[in-house]
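A.B. asks: here are the coordinates; sequence isn't available:
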């Protein structure tokens, strides 16, 4: 039987992979977008697991909204990506270094 | 609970074993004497021009962006469709407002020429 | 689940400002599509009109008894209405400054105004959000509009880069925030602020539940700190401020701070107020780091937008300090500080935008040399703003810092107050440096700076408000204190 904590551990691992991916990844902006998606997927897993084990609908509704927002976010991310490509001729992260924070 | 899935596991195992086994038998028993004539394209196309991992045209991104947005809105329409009879006019008006906003977005991108390929 | 879906006209009236704004966004978007280039200015005037009507509608709702609608997810109280008035008002001021900038930098597009209105809508939803879902949706409407606004200067590679950075870090922030929300939901069983509050206030709550709630709380605080730009989650602030077109920098550095503060109040005070002992330590660390890093790093900046970015970070530190106190008057002082900060920041960026009107970005501090000779009036406004930001007595910036420090001292954090004062004095150095450049240095270029009438008028009102409210701060202070 799969328990609630199994889901939570899984989602924590996926979340950490996504977060680490953003900070370690130094090659490609698309990979960055994928890592963001991974983080959101982990959160969705969390919500659905809680919602299922508590018998409460709110979590599943929340997941719907997260999915939609994630889609909008990816759309804007891809839009920015094409702009980066047009301006710099590459989508590698190394080209985005004229601002130093 | 979990043991109910045993037949499924057995089935998956058998399926994999069957597929791998037949390929393995063919690879072991069949004669293998390649020569240049055999490896060349024969009656099915012509030599490849370039690597198949080619770059996508940027326009595909545009199509992908628009597709993602409108595709996911169905996720909201579907639950509404399932319970539609219980919601009555309230549900109808709400989904109409939702679809109206989508249509506004659609008109916007149409007029801006985002749907033109050239 | 009770099936009580029906039209309640009363509940729709409560959300009237938002509904009106959404309708006008749709109308402006469609009208802008079919406008010929001769009538392009119409978009701007329509936007101002819709923002103004929205503001008036919100103003009328002040004093409305506290109402919660849409299955406990949308609240209308005095704080929401007053914040909405301030949000629409300061957005309108920002739009006045923005228009000429857009025309001169050939960035004028109808979408710009629609995106600003969408951002305002997102902020209004945030201010009124009473469940995690509405708060999150408002935050995302705001953030997604801001990413796009920055990238609207699509031929400027620095702006595109800033948009990318803001996008990635904003996405991380929402991810962390959502993870925190999911944890809080999992343990309390609800996404409504009132239910979460009831759960957290329950005296029979066991230690395991407290631990998990605390775990979620840390993620919530980190997510909000990212959005506010508090140290150590401030990496994006200077880059975005520098890279974005100045009009966008002005917008995103001012108005969203009001909404973020409202979100902070809803989640941490209304929702998890009983967990104050846990989150006030986090806030103390964040605010001290922000004040110190913001004050010290700003000393080395040569770009005025970067300098103002670090100055914002240190202001955010002061705002968070108000939350450390854990008393209502402390939160009131934080609200006062935010409103004052928005007023000062609008004027500062207004002057920068006027200097930018030659079609290039005059964002080096050395560009301000001899400004008092070329255009004494703008230099005077900048002088007022800089003195006010530094916290010099007759101006309003003094009272905002003073009220925060007063609350901090009366809550017993005397060391913290002393550290904050020391760094405030250090930060006065770079504000005074700009004044020195403006009044005591010779200009290397000889040009008079002119600006259109409406900008001059708004800037003068804005600058004199800093002085006038500074002389009579009681009224604004009473408003801020009465909101909680």
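C.D. replies: Looks like it came in fine. None of these values were measured; they are calculated from a predicted model. Numbering: from 1, shown residues only, chains lettered A, B, ... in the order given.

A.B. asks: use CA for all of it now, contacts and neighbours both
C.D. replies: OK.

A.B. asks: which element follows whichever strand or helix holds residue C:422 toward the C-terminus?
C.D. replies: Here residue C:422 sits within helix C:414-440, counting by DSSP states H and E. For helix C:414-440, the following helix or strand on the C-terminal side (DSSP H and E) is helix C:453-471.

A.B. asks: Run the chain-centre distance for that following helix.
C.D. replies: 19 Å (CA atoms, centre = their mean, to the nearest Å).

A.B. asks: do the same with stretch A:40-51
C.D. replies: Between the centre of stretch A:40-51 and the centre of its host chain there is 12 Å, according to CA atoms, centre = their mean.

A.B. asks: Next, see if that stretch gets close to chain B.
C.D. replies: No. Applying CA under 8 Å from any CA of the partner chain, one finds stretch A:40-51 separated from chain B by no less than 14.9 Å.

A.B. asks: ok, which residues in the stretch 201-350 of chain C are in contact with chain B?
C.D. replies: Within the stretch 201-350 of chain C, not a single residue sits near chain B (CA under 8 Å from any CA).

A.B. asks: where does the stretch 201-350 of chain C have low pLDDT?
C.D. replies: Low-confidence segments of the stretch 201-350 of chain C (pLDDT under 70): none present.

A.B. asks: Same check on chain B?
C.D. replies: B:1-5, B:37-58, B:117-118.

A.B. asks: Figure out the helix or strand that the closest residue to chain C within it lives in.
C.D. replies: In chain B, the residue that lies nearest chain C is residue B:90 (5.9 Å; CA to the nearest CA). Residue B:90 belongs to helix B:58-111 when assigned by DSSP H and E.

A.B. asks: Quick check: which helices or strands does that helix pack against?
C.D. replies: If you count contacts as 3 or more CA pairs under 8 Å, 6 or more residues apart in numbering or on different chains; DSSP states H and E, helix B:58-111 packs onto helix A:58-88, helix C:16-33.

A.B. asks: Just give me the neighbour total for residue A:5.
C.D. replies: Applying other CA atoms under 10 Å in any protein chain shown, we find 12 residues neighbouring residue A:5.

A.B. asks: try residue A:90
C.D. replies: Residue A:90 has 16 neighbouring residues, counting by other CA under 10 Å.

A.B. asks: Surely it is in a strand?
C.D. replies: No. Counting by DSSP: H, G, I helix; E, B strand; the rest coil, residue A:90 is located in no strand; its state is coil.

A.B. asks: Next, the contact list for the nearest residue in space to it that is not next to it in sequence, please.
C.D. replies: Nearest residue to residue A:90, sequence neighbours excluded (CA to CA, 6 or more residues apart in numbering or on different chains): residue A:84, at 7.2 Å. Taking CA atoms under 8 Å, 6 or more residues apart in numbering or on different chains as the contact definition, residue A:84 lies against A:90, A:91, C:157, C:160, C:161.

A.B. asks: ok, now residue C:43?
C.D. replies: With contact taken as CA under 8 Å, 6+ apart, residue C:43 is in contact with C:28, C:31, C:32, C:110, C:113.

A.B. asks: Give me the buried subset of those.
C.D. replies: Neighbour counting by 16 or more other CA atoms under 10 Å in any protein chain shown classes C:28, C:32, C:110, C:113 among the contacts of residue C:43 as buried.

A.B. asks: surely the first one meets residue C:47?
C.D. replies: This points to residue C:28. Yes. The pair residue C:28 / residue C:47 is scored as a contact, 7.3 Å apart, by CA atoms under 8 Å.

A.B. asks: okay, and the common contacts of these two?
C.D. replies: Counting by CA under 8 Å, 6+ apart, the contacts common to residue C:28 and residue C:47 are residue C:114.

A.B. asks: before we move on, back to that, tabulate the helices and strands packed on helix B:58-111 (CSV), appending mean pLDDT.
C.D. replies: As requested, the helices and strands packed on helix B:58-111 are exported to CSV (pLDDT from 0 to 100):
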stretch, mean pLDDT
helix A:58-88, 87
helix C:16-33, 89
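
A.B. asks: Make TSV out of those and add distance to residue C:304.
C.D. replies: Putting these into TSV (distance: least, CA to CA, whole Å) gives the following:
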stretch	distance to residue C:304
helix A:58-88	25
helix C:16-33	34
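
A.B. asks: Any idea which of these gets closest to residue A:11?
C.D. replies: Among those, the nearest to residue A:11 by CA to CA is helix A:58-88 (14.0 Å).
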